[in-house]
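Undergrad: Let's see this in three dimensions:
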Amino acid sequence: MSLLGRLADALWNPWLLGLFLFTGLVLTVGSGFFPLRRFRLWWRETAGSLLRPGGQDRRRDGGISSLQALATALASTIGTGSIAGVAMAIYLGGPGAVFWMWASALLGMSTGCVEKLLSVAYQTAAPGGGRQGGPMFYLRDGLHAPRLAAWFALACLPAALAGGNLVQSGSIASALQSAFGWDRLLVGLGTALLAGLAIWGGMGRIARVSERLVPLMALLYLGSGALVLLVRAEELPRAFSLIFSCALDPESALGGGAGYTLTAARRQGVARGVFTNEAGLGTSAMAHGAAQTDHPARQGMWGIFEVFVSTLLVCTVTALVILVSGVYVPEEALRRLQSGQVPDSELGVPLTAASFASVLGPAGGWAVALSLILFAFSSILGWSCYGQQGLRYLTGGDRFLPLYRAVFLGCVVLGAVSDTQALWQLVDLCSALMALPNLTALLLLSPRALGCLRAWARMQK
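TA: Numbers count the residues shown, from 1 in each chain. Next comes the predicted model:
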């Protein structure tokens, strides 16, 4: 393992994963279990508002609406990890990993709520109009820790260029090369061109593109997954039984006392929950920090909804499809892991694609491939905003913005023709370096944030 890999592993396992859970637990208890107890309120303020005429805050003064902020955030959170990451978690940690993914998401709903609330509470005017917010600003202005704010912004730049760009572009090129035999360089150039049309229009254009793209890709993937689950509905009770039995007693759940370990299930499930919804990481808070809304707590409701959609909905569909399809057999997977002979065709995207195709035929594989392309492209758009925000904070303006955009689009092309697997260690390290100051701020600012949340909730009917 490389030095970057050892550093990332030392930070994440188990310390940082535990800090994510601890922060979520503190905020969940401190809010009086708000996401569960006040489900009707946050659902009415988010999904319910989409059905009401004029129910959404609209753009003002160059800003973006709450819905556009959500779409931009979901553009990065619903990424390739929702397809490949969940499959890896199940194969390496067993069906019980899904239970721990749910547990981390339930705690992450409070984390996401407070994170987005603080982003709006400490937002400031953005250069060129509109608003900007995020961890840099509540670290600087709320916690009065400018060095931690700069630390976060500095770690955000390589994370945006690597995990939010190079890796995603490589996924698009691999998918199109496998499906159609397309040249990877041409795919990279085409992806850069399409991304550039959105990125060069700034946050407003990215938000408008995300507002249209995210529902489309979610409908495609969730619709295909729902069809699989409908066809294999008789297997759902067994799938849920596996999830809970392997989470509570994994060593004996598969018989013979040689099952997956509790440590593996918990580690894989919590990590997948953290990486898919980004609650506590601080990145998606930057998108929400640009929203124009009448109260910070109202934006916090979208933070809860974001975790619900990205993990409890999208990732759960992936997990259940894999478990009901019959392609993944826990006992066989465990034997392969113990022998150290796991073929690539049984990991990540291939496992998810095979699970869909086993029920829907070739159309299932096409649905996964197209979803992967859309998820990866949307991640590129979302992360371009985060890198831009980090650079803007460090330099105090947008004078380097054209150079950043040129480098970012160059990385899109580079990622399409390069082997990006080694970059995941850099991504993990940068994510850890962003999470540490952000989680610290959430814990220390929690009394102020939770007080704001309670005051707003009392005003609602």
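
Undergrad: ranges for the helices of the stretch 151-300 of the chain?
TA: Remark: helices assigned in the stretch 151-300 of the chain by DSSP state H, counting those that start in this stretch are 167-180, 184-199, 202-231, 236-248, 250-253, 262-277, 283-288, 296-307.

Undergrad: List the buried residues for the longest one?
TA: Along helix 202-231, these residues count as buried under the neighbour rule (16 or more other CB atoms under 10 Å): 202-204, 206-211, 213-214, 217-218, 220-222, 224-225, 227-229. (Glycine included, C-beta is placed from N, CA and C.)

Undergrad: can you give me the strands for the chain?
TA: For the chain, the strands defined by DSSP state E occupy 124-125, 131-132.

Undergrad: helices and strands around the first one, which ones?
TA: Same thing as strand 124-125. Helices and strands touching strand 124-125, by 3 or more CB pairs under 8 Å, 6 or more residues apart in numbering; DSSP states H and E, are strand 131-132.

Undergrad: average model confidence for the strand it packs on?
TA: For strand 131-132, mean pLDDT is 88.

Undergrad: Can you give the strand pairings for it, parallel or anti for each?
TA: Strand 131-132 sits in its sheet next to strand 124-125 (antiparallel), going by DSSP bridges.

Undergrad: Need the residues that contact the strand it pairs with.
TA: Strand 124-125 is contacted from outside by 131-133, 137, 141, using CB atoms under 8 Å, 6 or more residues apart in numbering.

Undergrad: Serialize those residues to CSV and add fields for neighbour count and distance to residue 39.
TA: CSV is the format used below for the contacts of strand 124-125 (neighbours: other CB atoms under 10 Å; distance: CB to CB, whole Å):
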residue, neighbour count, distance to residue 39
131, 22, 29
132, 21, 31
133, 28, 26
137, 22, 30
141, 17, 32
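
Undergrad: Kindly indicate which of the residues you listed lies nearest residue 249.
TA: residue 133 (44.5 Å; CB to CB).

Undergrad: sorry, back to before: what is the nearest of the contacts of strand 124-125 to residue 288?
TA: Using CB to CB, those come closest to residue 288 at residue 133, 7.3 Å.

Undergrad: for the closest one, phi and psi?
TA: Main-chain torsions, residue 133, degrees, to the nearest 10: phi -160, psi -180.

Undergrad: can you give me phi and psi for the residue nearest to it when sequence neighbours are not counted?
TA: Leaving aside its sequence neighbours, residue 133 sits nearest to residue 289 (CB to CB, 6 or more residues apart in numbering; 2.3 Å). Phi and psi for residue 289, reported as degrees, to the nearest 10, are phi -70, psi -10.

Undergrad: wait, doesn't residue 289 sit right on residue 131?
TA: Yes - in this structure, residue 289 is within contact of residue 131 by CB atoms under 8 Å, at 7.1 Å.

Undergrad: which neighbours do these two share?
TA: With CB under 8 Å, 6+ apart, residue 289 and residue 131 have common neighbours residue 123.

Undergrad: Let's have the strands of the chain in a markdown table, adding distance to residue 353.
TA: Below are the strands of the chain laid out as a markdown table (distance: least, CB to CB, whole Å):
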| stretch | distance to residue 353 |
| --- | --- |
| strand 124-125 | 44 |
| strand 131-132 | 39 |
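
Undergrad: Can you check which of the ones you listed gets nearest to residue 179?
TA: strand 131-132 (38.8 Å).

Undergrad: what's the offset of stretch 329-339 from the middle of its chain?
TA: Taking the mean of its C-alpha atoms, stretch 329-339 sits 28 Å from the chain's own mean (CA atoms, centre = their mean, to the nearest Å).

Undergrad: Ok, stretch 423-432 next?
TA: The answer for stretch 423-432 is 15 Å, by CA atoms, centre = their mean.

Undergrad: And for that stretch, what's in contact with it?
TA: Under CB under 8 Å, 6+ apart, the answer for stretch 423-432 is 2, 4-5, 7-9, 11-12, 16, 155-156, 158-159, 162-163, 166-167, 275, 281.

Undergrad: next one: stretch 447-457
TA: Residues contacting stretch 447-457 (CB under 8 Å, 6+ apart): 27, 30-32, 34, 38, 41, 113-114, 117-118, 121, 142, 295-298, 300, 442.

Undergrad: Of those, which belong to helices?
TA: Judged by DSSP state H, those include 27, 30, 34, 41, 113-114, 117-118, 121, 296-298, 300, 442 as members of helices.

Undergrad: where in this protein is pLDDT low?
TA: 1-2, 5, 51-63, 250-260, 344-346, 420-422, 461 (pLDDT under 70).

Undergrad: most centrally placed residue in it?
TA: For the chain, the residue nearest the mean C-alpha position is residue 77 (2.6 Å; CA atoms, centre = their mean).

Undergrad: Dump the ones in helices among the contacts of stretch 447-457 to TSV, plus distance to residue 355 and neighbour count.
TA: Listed next are these as TSV, based on distance: CB to CB, whole Å; neighbours: other CB atoms under 10 Å:
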residue	distance to residue 355	neighbour count
27	35	28
30	39	19
34	35	25
41	36	18
113	33	30
114	35	35
117	38	29
118	39	34
121	43	22
296	41	23
297	40	28
298	38	21
300	35	31
442	36	26
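
Undergrad: could you dump the residues you listed to CSV with distance to residue 241?
TA: CSV is the format used below for the ones in helices among the contacts of stretch 447-457 (distance: CB to CB, whole Å):
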residue, distance to residue 241
27, 31
30, 34
34, 31
41, 33
113, 32
114, 35
117, 38
118, 40
121, 44
296, 42
297, 39
298, 40
300, 35
442, 36
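
Undergrad: ok, those residues vs residue 103, which is closest?
TA: For those, the nearest to residue 103 is residue 27 (14.6 Å; CB to CB).

Undergrad: Distance of the closest residue in space to that closest one that isn't next to it in sequence relative to residue 277?
TA: The shortest distance from residue 27 to any non-neighbouring residue, by CB to CB, 6+ apart, is to residue 110 (4.0 Å). Applying CB to CB, to the nearest Å, the value for residue 110 to residue 277 is 12 Å.

Undergrad: and what of residue 352?
TA: Taking CB to CB, one finds residue 352 at 18 Å from residue 277.

Undergrad: just residue 126 next, same as before
TA: For residue 126, the distance to residue 277 - CB to CB - is 25 Å.

Undergrad: Which one's more surrounded, these two?
TA: Neighbour comparison, residue 126 and residue 277: the larger count goes to residue 277, with 33 against 19 (by other CB atoms under 10 Å).

Undergrad: The more buried one is in contact with residue 307, isn't it?
TA: Yes - using CB under 8 Å, residue 277 is in contact with residue 307, at 4.3 Å.

Undergrad: what sits in contact with each of those two?
TA: With CB under 8 Å, 6+ apart, residue 277 and residue 307 have common neighbours 105, 108, 112.
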